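In: Predicted model follows, preceded by the sequence.
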Amino acid sequence: MKGSTKDIIQWHPAFHASIQIEFKDEAEKLTFDSEHLLSKKPMQMDELIIKVTGNEVIHKNIGRIFRRYNIVEYKSPDDYLTINDFYKVYGYCCFYQSDTEEVYKIPPEELTITFICNHYPRKMIQHLKDFRKLDTVRIEPGIYYITGDPFPIQLLVTKELNPNENRWLQSLRNDVSKPEEITTLLKEYEKNKSSKLYQAAMNVITRANWNAVKEVKESMCEALRELMADEFKEQEERVTKQVTEQVTEQVTEQVTEQITTQIIKNLYDTIKDVEKIASLLKIPVEQVERAIKK
């Protein structure tokens, strides 16, 4: 019996009350928010990269820092990496380590953090230096290690990456303007155009740099023509739809006006009272008068 009673005891409500009792003499200085939600939506990492086994050595330049579990935060070209973003992702790392059924199932030393953005986050880096005493070291173009924290942390600035080493990540921008950049991308895409991964990446890069693509469209290779077929079709359908809607609207207005005018004339032939017709149809008297004169 005692066991069953113990099982149903809810300790947390008592804790919420007790902690406020403890601070009762200074209650006006504090607010208490029980079971405060950390996020308005479920926490979600941009990417989690896990080594299949723990002892692989990753040779790719952006993955040399990797350990077993690697948390990645990505910012689009128009977005910026902020101080808040750092703590949010750092929190993800801690939560990911702790959210397991077994204690210490994920050793903290097997975790890394990678930030990817198009703009060097100067305010964030300065904050980490001043407040957390962390240093930032440039390893190679676009790759920075943030040192001094227990978790290995790296920053990848996409526009600074070596295009020969990281062409696709480096091309995730909306300012790919040089024809040779597009040409090089297309050559690689053409070799891999059956891959859904290459299709997804190339589609976004092309859409984000549409003006640059249009400038070289006369010399576009077949691969790009195939890639852009849907885009051209979509634009054509969009224009056709807009024109159709405009014409339909105009015709509908004209037909409606003709029908209304005829109804008014028919009623006037019978009733001969403009104000009564306006009241019946719930329209202005002026509209009835105009219809009768037509």
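Out: Now that the structure is in, tell me what you want to look at. Numbering: from 1, shown residues only.
In: Can you show me the helices along this protein?
Out: Ranges of helices within the chain are 2-7, 11-22, 83-98, 122-131, 167-170, 179-191, 196-208, 210-215, 222-271, 274-281, 285-293, based on DSSP state H.
In: where among the ones you listed is the average confidence lowest?
Out: Mean pLDDT is lowest for helix 2-7 among the helices of the chain, at a mean of 54.
In: so how many other residues sit close to the spatially closest residue to Tyr268 that is not a sequence neighbour?
Out: Ranked by C-beta to C-beta, 6 or more residues apart in numbering and with sequence neighbours excluded, the top spatial neighbour of Tyr268 is Ile292, at 5.4 Å. Quick note: C-beta positions are derived from backbone N, CA and C, even for glycine. Look at Ile292: counted by other C-beta atoms under 10 Å, it has 15 neighbours.
In: Ile182 too?
Out: Other residues within reach of Ile182, judged by other C-beta under 10 Å, total 23.
In: Enumerate every residue touching Val72.
Out: By C-beta atoms under 8 Å, 6 or more residues apart in numbering, Val72 lies in contact with 45-49, 113-114, 116.
In: Next: Asn209.
Out: Contacts of Asn209 by C-beta under 8 Å, 6+ apart are 173-177, 182.
In: Among those residues, which one is most surrounded by other residues?
Out: Highest neighbour count within the contacts of Asn209, by other C-beta under 10 Å: Ile182, with 23 neighbours.
In: Confirm for me that that residue is in contact with Ala212.
Out: Yes. Contact criterion C-beta atoms under 8 Å: Ile182 and Ala212 qualify, at 6.4 Å.
In: Excluding chain neighbours, what is closest to the spatially most central residue of the chain?
Out: In the chain, the residue lying closest to the centroid (C-alpha atoms, centre = their mean) is Ser76, at 7.7 Å. Distances taken as C-beta to C-beta, 6+ apart place Asn118 nearest to Ser76, at 7.6 Å, with adjacent residues excluded.
In: Please look at that neighbour and Lys75 and confirm they touch.
Out: Yes. Under the criterion of C-beta under 8 Å, Asn118 makes contact with Lys75 at 7.0 Å.
In: Show me which of those two is the more surrounded one.
Out: Asn118 (22 against 18).
In: where does that one sit relative to Ile143, distance-wise?
Out: From Asn118 across to Ile143, the span is 14 Å (C-beta to C-beta, to the nearest Å).
In: With Val52 instead?
Out: Counting by C-beta to C-beta, the gap from Val52 to Ile143 is 24 Å.
In: And for Arg67?
Out: Going from Arg67 to Ile143 by C-beta to C-beta gives 17 Å.
In: Out of these two, name the residue with the larger neighbour count.
Out: Ile143 (22 against 16).
In: so that one touches Leu161, yeah?
Out: Yes. Here Ile143 reaches Leu161: they are 7.3 Å apart, a contact under C-beta under 8 Å.
In: Which parts of the stretch 1-150 of the chain are strands?
Out: Along the stretch 1-150 of the chain, counting by DSSP state E, counting those that start in this stretch, strands occupy 47-50, 69-74, 111-117, 135-140, 143-147.
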